[in-house]
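Chemist: let's see this in three dimensions:
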Amino acid sequence: MKRREFITLLGGATAWPQGLSAQQPAMPVIGFLHLTSPETNRENLATFRRGLAETGYIENKNVTIEYRWAQGRNDQLPTLAAELVQHQVSVITVLETTNGALAAKAATQTIPIVFMQGANPVQIGLVDSLNRPGGNVTGISLLAAETAGKRLELLLELVPKATSIGYLRNPTNPVFAETETTEVEIAARAHGVRLLFANASGPSEIEAAFAELVQQRPDALQVSSDGLLLTYPDQIVALAARYTVPTIYAWPKYAAVGGLISYGTNIRDAWRQAGIYTGRILKGERPADLPVQQVTNVELVINLKTAKALGITVPLPLSGRADEVIE
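Modeler: Residues are numbered from 1 along each chain as shown. Predicted coordinates:
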């Protein structure tokens, strides 16, 4: 054997065991931030994981997820976002919270962020534009605030003689509350109805808010699409039934548990899209190059059983437009 060949073989023999024993790259870590709790989001989490799987990522197989749940406390979101930054996660996914998205953006300008929330992301400063987000942030826009005016109009189709409408909102989410309130006020002025405001950010406050509104005797009620209020559909629907006030909601979950009518985004599809965007970023795409997705699949659900209990006759044109009628 020639000397040069011997040296080559020896070098290859030395390198091969080293390569074999080298450590595998660490799995990427998703920092997951949400306003509420895992108990109220089991189905949505499964949908998020399906979106991740579409890009090839499966939790605990080739990706790890660090969860942070604020348990309904908006004031905890900045602290939780900072924890994820300190953990040096690969991407932060923050869902169903405007405050959380803003907190994550304030916490880091380098870690990619995927949001899913209901306020206009350009107006509140999350991104530069929908098509070209810029920076380290992109995500899913639910069009929740933008459809608030339409919800009031639908409510008036059910209660055409209404002259006053109660509006239940969450004051601890001021950026979103202001955006949605503006839309509701514009619709109320256009239809010549008076708005009666009530604020709530938790179960005990929801009970008190209903009691306060009932004293003002609104003809109907609109519940904000705020993510925290979405956590308590059973309580809110039960109170609307107790006080026999016709109420419109933003999410189908309310109608499913007995709410009169809901009109809003298909939330399940939004969670899936968030999972897909998170996976695409893990694969190397930049948030700045991923346009903000607007979920335009809006669902109208009417509960005829509840309408009958309230003595309301649903107009045929309205029921004909419904995506689902619960009998």
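Chemist: helix or strand right after the helix or strand bottoming out on mean pLDDT in the chain?
Modeler: For the chain, counting by mean pLDDT, DSSP states H and E, helix 3-21 ranks last in confidence among helices and strands (a mean of 40). From helix 3-21 onward toward the C-terminus, using DSSP states H and E, the following helix or strand is strand 29-34.
Chemist: for the next helix or strand after that following strand, packing partners?
Modeler: Once the chain leaves strand 29-34, the next helix or strand it forms, by DSSP H and E, is helix 42-54. Other helices and strands packing on helix 42-54, by 3 or more Cβ pairs under 8 Å, 6 or more residues apart in numbering; DSSP states H and E, are strand 91-95, helix 267-282. In short, each C-beta sits where N, CA and C put it, glycine included.
Chemist: how about 10 Å then?
Modeler: Contacts of helix 42-54 with other secondary structure elements, assessed using 3 or more Cβ pairs under 10 Å, 6 or more residues apart in numbering; DSSP states H and E, are made with strand 29-34, strand 64-69, strand 91-95, helix 267-282.
Chemist: partner strands of the third one and their direction?
Modeler: This points to strand 91-95. Applying DSSP bridges to the sheet, strand 91-95 is found paired with strand 29-34 (parallel), strand 113-117 (parallel).
Chemist: run the angle between the last one and helix 267-282 for me.
Modeler: Orientation of strand 113-117 against helix 267-282 (axes from the mean of the first three to the mean of the last three Cα atoms, to 10 degrees) gives an angle of 170 degrees.
Chemist: can you check the first one too?
Modeler: Between the axes of strand 29-34 and helix 267-282, defined by the same axes, to 10 degrees, the angle is 150 degrees.
Chemist: return the residues in contact with the closest residue to residue 80 other than its chain neighbours.
Modeler: Using Cβ to Cβ, 6 or more residues apart in numbering and skipping the chain neighbours, the partner closest in space to residue 80 is residue 68 (4.0 Å). The contact partners of residue 68, taken as Cβ atoms under 10 Å, 6 or more residues apart in numbering, are 31-34, 76-77, 79-81, 83-84, 87, 92, 94, 100.
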